[in-house]
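Visitor: The sequence and its predicted three-dimensional model are supplied below.
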Amino acid sequence: MKDLKCNTVMETAAKKHPPRNGMNTVHRKEFEFQGCVEVPMELSEDQFLDRFLMFIEENGWSFGGGVRTIVDGYYINGDGTPGEPVWPEEEFV
């Protein structure tokens, strides 16, 4: 009898969460990651994002988040100048 209750609850939850990208949202998981991808200096942020998002979309996945450019251990500001260090505790004074 417990199995019937579980199935009923799952069916009700499935009806409340319509499919997205062919997968019911009740049966979906996500991976959160923090890291860096090392690329050649000549690859722009836009080129990287185009390739990364193409990979995500080709697999029927979705991505939410952002990207920041890092050069020689410093975040790059919108105007192209070096900003804050990625690892301030390692900055030499």
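Guide: Thanks, I have it.
Visitor: can you give me the strands for this structure?
Guide: With DSSP state E as the criterion, the chain has strands at 19-20, 23-24, 70-71, 74-76, 82-85.
Visitor: F63: neighbouring residues, count only.
Guide: Applying other Cβ atoms under 10 Å, we find 11 residues neighbouring F63. C-betas here are computed from N, CA, C, even on glycine.
Visitor: wait, isn't it in contact with M54?
Guide: No - with contact defined as Cβ atoms under 8 Å, F63 does not count as touching M54 (11.0 Å).
Visitor: can you pull out the helices in this protein?
Guide: Ranges of helices within the chain are 2-16, 45-58, based on DSSP state H.
Visitor: Where among these is average confidence lowest?
Guide: Looking at those, the lowest mean pLDDT belongs to helix 2-16 (a mean of 45).
Visitor: so what's G78 up against?
Guide: Shown in contact with G78 (Cβ atoms under 8 Å, 6 or more residues apart in numbering): no residues.
Visitor: Against F55, how distant is it?
Guide: In this view, G78 and F55 are 26 Å apart by Cβ to Cβ, to the nearest Å.
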